[in-house]
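[1] model this:
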Amino acid sequence: MADAALRLTALAEDVLGEALPIRIRAWDGSEAGPPGAPVLVVRHRRALRRLLWKPGELGLARAWVAGELDVEGDLYALLGRLSGLIWEREEEPGKRVHPARDPRLRAAAKELVKLGGALPPPAPPAEEVRRRTGRLHTKRRDKEAISHHYDVGNDFYALVLGPSMVYSCAYWESPGATLEEAQRDKLDLVCRKLALKEGDRLLDVGCGWGSMAIHAAREYGARVVGITLSREQAAYARKRIAEEGLTDRIEIRVQDYRDVKDGPYDAISSIGMAEHVGSERYAEYAAILYALLRDGGRLLNHQIARRPERDESAYHIDEFIDAYVFPDGELAPVGRTLSALEEAGFEARDVEPIREHYALTLRQWVANLESDWPRAVRHTSPGRARIWRLYMAACALSFERNRIGVNQILAVKTPVSGASGMPLRARTWN
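    Numbers count the residues shown, from 1 in each chain. Next up is the predicted model:
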């Protein structure tokens, strides 16, 4: 009798201690769970072996990337129900599970062996980053991490991001704005906060595909140096800049921020880049940017932030994101980022939280991906497309639920005189 789904549901409910709020369809055609609920499809028993050999998030991620797990119905609804049941309960000390000590989990492992078989351990999907060696955030290791994330095909990113080619949180002046309008408004907001004017030198750290550099040069007359570690991004940005007729105003370099030596700059933008720096390098990062600015120059730091931990030593990088999305990426609470900037010498002048804007942005990116799925797969790989779909949908929910946020921090290299050059009234951007 086909009963794999019923056995899996009973197993999950026994481990979790409550009813499973989703429906399961197994490889043998069986189904179990509440009618009308989002359906988790277990396409192959190999998914269970992945959980046996790598219990938790990484095992589930490998099965998803390999196509052994899928979702029928609303992906957001399924993730929302699983988030409350599994991931969020892991943050409650009394509900954390310890496999070696919990008899329910030992019994569950035995049942998984019966359902999926114990051997052999499945190889990780090809899209998983290979285990890295050496110290975190060396120049070489950072370059490899950036390449893993960004050098997956400009055509794929163009499909997901749309014509703006901006891979950071948009700024929605009105709910009815298009993604392209919201990205344009974000770039313009950054330029206004930096008070850019004709002839100003702007350093765009982590310049991506050149959108910020183009906007600053075309709309404000700035002279821009954009730096990235991705050769694919740099080639794409240079092509766009040539097409815009802005090669005399913009230079794109494949360069590490630690190697920029040609200051001073009038302004620096760092949009969605500081997440790659790492906690142990952040003080150095802030000090380098401070040294590259002229007195009175402004820094706009646009950065994702996590909620503080009760015990900060317990913070760990998310396994799925580390293995498949942003290798070595780290998030910090906004307070820690502000402290690091101030310790470097900056005067923090404004913090604007825009996390709801990122949820809207991510949902647009997911819609772009899903609406042209066959072409997305052709541009990269089935596994890579599945990674981005899961990653962006899960992040949208995290922003909506205030599990993570994103902030624009405006800081000034205020001179000894104390003349910051800022307007008296906050949020009146010149």
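[2] how many neighbours does residue 418 have?
    Residue 418 has 7 neighbours, counted by other CB atoms under 10 Å. In this view, the C-beta of every residue, glycine as well, is placed from N, C-alpha and C.
[3] how near is it to residue 153?
    Residue 418 sits 49 Å away from residue 153, going by CB to CB, to the nearest Å.
[4] do residue 353 as well
    Separation of residue 353 from residue 153 (CB to CB): 33 Å.
[5] so these two - more neighbours on which side?
    residue 153 (16 against 13).
[6] low-confidence bits of the stretch 151-300 of the chain, can you list those?
    For the stretch 151-300 of the chain, the stretches flagged by pLDDT under 70 are 151.
[7] what ranges does it have for its strands?
    Secondary structure of the stretch 151-300 of the chain by DSSP state E, counting those that start in this stretch: the strands cover 201-205, 223-228, 250-254, 265-271, 293-306.
[8] out of those strands, which comes closest to residue 107?
    strand 293-306 (34.5 Å; CB to CB).
[9] just the endpoints, please. Distance across stretch 222-234?
    19 Å (CA to CA, to the nearest Å).
[10] and that stretch, which residues are buried?
    Buried residues in stretch 222-234, counted by 16 or more other CB atoms under 10 Å: 222-230, 232-234.
[11] hang on, the earlier thing: in JSON lines: the strands of the stretch 151-300 of the chain, plus distance to residue 319.
    JSON lines is the format used below for these (distance: least, CB to CB, whole Å):
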{"stretch": "strand 201-205", "distance to residue 319": "28"}
{"stretch": "strand 223-228", "distance to residue 319": "27"}
{"stretch": "strand 250-254", "distance to residue 319": "30"}
{"stretch": "strand 265-271", "distance to residue 319": "26"}
{"stretch": "strand 293-306", "distance to residue 319": "15"}
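[12] tell me the helix or strand right after the lengthiest helix in the chain.
    Longest helix of the chain, by residue count under DSSP state H: helix 382-400. Going down the chain from helix 382-400, the next helix or strand is strand 404-412, by DSSP states H and E.
[13] partner strands of that following strand, with direction?
    strand 293-306 (antiparallel), strand 347-353 (antiparallel) (DSSP bridges).
[14] in the longest one, what counts as buried?
    I take that to be strand 293-306. 293, 296-306.
[15] so how far is that strand from its chain's centroid?
    What separates the centre of strand 293-306 from the centre of its chain is 19 Å, taken as CA atoms, centre = their mean, to the nearest Å.
[16] give me the helices and strands touching the very next helix or strand once past it, please.
    Following strand 293-306 in sequence order, the next helix or strand is helix 319-324 (DSSP H and E). Under the contact definition 3 or more CB pairs under 8 Å, 6 or more residues apart in numbering; DSSP states H and E, helix 319-324 sits against helix 57-65, helix 382-400.
[17] out of the ones you listed, nearest to residue 205?
    helix 382-400 (22.1 Å).
[18] from the buried residues of stretch 222-234, which is closest to residue 144?
    Nearest to residue 144 among the buried residues of stretch 222-234, counting by CB to CB, is residue 229 at 9.1 Å.
[19] gap between residue 275 and residue 152?
    As judged by CB to CB, residue 275 and residue 152 stand 18 Å apart.
[20] typo on my end, it should be residue 115
    Relative to residue 152, residue 115 is positioned 34 Å away (CB to CB).
[21] please apply the same query to residue 405.
    Distance check for residue 405 against residue 152: by CB to CB, it reads 26 Å.
[22] kindly report the same for residue 205.
    In terms of CB to CB, residue 205 sits 21 Å off from residue 152.
[23] of those two, who's got more company?
    Neighbours were counted for residue 205 and for residue 152 using other CB under 10 Å; residue 205 has more, 25 against 20.
[24] for that one, what are its contacts?
    The contact partners of residue 205, taken as CB atoms under 8 Å, 6 or more residues apart in numbering, are 227, 257, 268-270, 273, 289.
[25] and for residue 174, the neighbour number?
    Other residues close to residue 174 by other CB under 10 Å number 8.
[26] mind listing the helices for the stretch 101-250 of the chain?
    103-116, 139-150, 154-161, 179-193, 211-220, 231-244 (DSSP state H, counting those that start in this stretch).
[27] reformat these as TSV; add distance to residue 39.
    Below are the helices of the stretch 101-250 of the chain laid out as TSV (distance: least, CB to CB, whole Å):
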stretch	distance to residue 39
helix 103-116	18
helix 139-150	31
helix 154-161	25
helix 179-193	29
helix 211-220	38
helix 231-244	37
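[28] can you tell me which of those helices is packed in deepest?
    Highest mean neighbour count of the helices of the stretch 101-250 of the chain: helix 211-220, a mean of 23 (counted as mean count of other CB atoms under 10 Å).
[29] elements contacting that helix?
    By 3+ CB pairs under 8 Å, 6+ apart, helix 211-220 packs against helix 179-193, strand 201-205, strand 223-228, helix 231-244, strand 250-254, strand 265-271.
[30] that older thread, for the buried residues of stretch 222-234, which one is nearest residue 166?
    For the buried residues of stretch 222-234, the nearest to residue 166 is residue 233 (12.0 Å; CB to CB).
[31] what's the closest residue to residue 346 other than its chain neighbours in contact with, if anything?
    Counting by CB to CB, 6 or more residues apart in numbering, residue 346 lies nearest to residue 411, which is 3.8 Å off, once chain neighbours are set aside. By CB under 8 Å, 6+ apart, residue 411 lies in contact with 298-299, 301, 341, 346-349.
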